[in-house]
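Engineer: build me a model:
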Amino acid sequence: MDTPLPKDVVIAIAAAAAALAGLILVFLGVTVTTIQTYGGDTDGNILKPYKCAAAATLFVFAWSLTSATLAIAWLASGGGSACLYHVTLWTFLGLLLATFLLAVRVVHLIVFD
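Structural biologist: Residues are numbered from 1 along each chain as shown. Just a heads-up that it's a prediction; the model follows:
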């Protein structure tokens, strides 16, 4: 079995990071919708975990856009930078972990709390 070419890996990262951005927006929508189900007179301490989850979701969304941007930058530069390739790869792998942790937190917060 041949190892994948760096260009193929980066193209896959660009597509996957953009797709994850869409999934992360779904998490944001669920979190914001949950916040909106509470009345306007709800104590801020009750809403705080949801607002923290929304802020974390925005952070991971920005991370996914950064990952996609790095991949596109590597492709646009002709793919010659080994440093940019590795930064792109590790940024995406971190994004996968962050997305998993975000999903666990949002589901736990909304379903089990």
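Engineer: which phi and psi does G78 have?
Structural biologist: Per-residue torsions, G78: phi 90, psi 0 (degrees, to the nearest 10).
Engineer: what do you get for T42?
Structural biologist: Backbone torsions for T42, taken as degrees, to the nearest 10, come to phi -70, psi 140.
Engineer: same deal with G80?
Structural biologist: Torsion angles, degrees, to the nearest 10, at G80: phi -90, psi -10.
Engineer: how about the helices in this protein?
Structural biologist: 6-37, 44-76, 82-107 (DSSP state H).
Engineer: mean confidence score for the shortest one?
Structural biologist: Same thing as helix 82-107. Here helix 82-107 scores 96 as its mean pLDDT.
Engineer: and that helix with helix 44-76, angle?
Structural biologist: If you take axes from the mean of the first three to the mean of the last three C-alpha atoms, to 10 degrees, helix 82-107 sits at 150 degrees to helix 44-76.
Engineer: quick check: angle from helix 82-107 to helix 6-37?
Structural biologist: 30 degrees.
Engineer: what distance separates helix 82-107 from the centre of its chain?
Structural biologist: 7 Å (C-alpha atoms, centre = their mean, to the nearest Å).
Engineer: the first one now?
Structural biologist: With C-alpha atoms, centre = their mean as the basis, the distance from the averaged C-alpha position of helix 6-37 to the chain average is 5 Å.
Engineer: and it, what does it pack onto?
Structural biologist: helix 44-76, helix 82-107 (3 or more C-beta pairs under 8 Å, 6 or more residues apart in numbering; DSSP states H and E). Just so you know, the C-beta spots here come from the backbone N, C-alpha and C atoms, and that holds for glycine as well.
Engineer: so who does L89 touch?
Structural biologist: V9, I13 (C-beta atoms under 8 Å, 6 or more residues apart in numbering).
Engineer: out of the helices and strands packed on helix 6-37, which is closest to A18?
Structural biologist: Relative to A18, the nearest member of these by C-beta to C-beta is helix 44-76, separated by 4.9 Å.
Engineer: alright, I will stop here.
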